[in-house]
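Visitor: compute the structure for the input listed below.
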Amino acid sequence: MLFVLSASISVAQETPTETDEQMQQLKQEMDALFIFLKDQDDHREKCPDLEWEQPDISVYKEEQKSQLPAECQ
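Guide: Numbers count the residues shown, from 1 in each chain. The predicted model follows:
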């Protein structure tokens with residue numbers, strides 16, 4: 001009986017839970033928000049004269065990278 005219990009515990013630990021998936025999604029959204037806000041700051045500090053319209057946060061969530069033009073990075 002003990003063997004069966006320990007086997008089912010290790011299987012449960014290897015299977016990603018809904019909470020794990022939610023945590024991963026939250027981390028990705030936080031990363032996107034960080035990049036979004038950093039782009040705002042970098043634009044303001046490094047190239048305020050460059051006309052640039054910041055994309056929607058959804059672009060950052062999908063791309064997971066800076067959207068600033070190369071001359072502003």
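Visitor: which SS state does Gln54 fall under?
Guide: coil (DSSP: H, G, I helix; E, B strand; the rest coil).
Visitor: got the phi and psi for it?
Guide: Per-residue torsions, Gln54: phi -70, psi 130 (degrees, to the nearest 10).
Visitor: would you confirm that it contacts Arg44?
Guide: No - between Gln54 and Arg44 there is no contact under C-beta atoms under 8 Å: 10.9 Å. Bear in mind the C-beta positions are built from the backbone N, C-alpha and C, glycine included.
Visitor: higher neighbour count, the two?
Guide: Gln54 (13 against 9; other C-beta atoms under 10 Å).
Visitor: buried residues in the longest helix along the chain, which are they?
Guide: In the chain, assigned by DSSP state H, the helix with the most residues is helix 18-46. Buried positions in helix 18-46, judged by neighbour count with 16 or more other C-beta atoms under 10 Å: 32, 35-36, 39, 43.
Visitor: residues near Ile57, how many?
Guide: So Ile57, with other C-beta under 10 Å, has 14 neighbours.
Visitor: tell me who's in contact with it.
Guide: 32-33, 36 (C-beta atoms under 8 Å, 6 or more residues apart in numbering).
Visitor: just these now: which is nearest Glu21?
Guide: Ala32 (16.7 Å; C-beta to C-beta).
Visitor: in this structure the closest one contacts Pro55, no?
Guide: No - applying C-beta under 8 Å as the test, Ala32 and Pro55 come out as separate, 11.0 Å apart.
Visitor: shared neighbours, these two?
Guide: With C-beta under 8 Å, 6+ apart as the test, Ala32 and Pro55 reach no residue in common.
Visitor: and for Gln73, nearest residue in space, chain neighbours not counted?
Guide: Ser66 (6.4 Å; C-beta to C-beta, 6 or more residues apart in numbering).
Visitor: show residues contacting stretch 64-73.
Guide: With contact meaning C-beta under 8 Å, 6+ apart, stretch 64-73 is reached by 28, 31-32, 35, 38-39, 42-43, 46-47, 50, 52, 54-55, 59-60.
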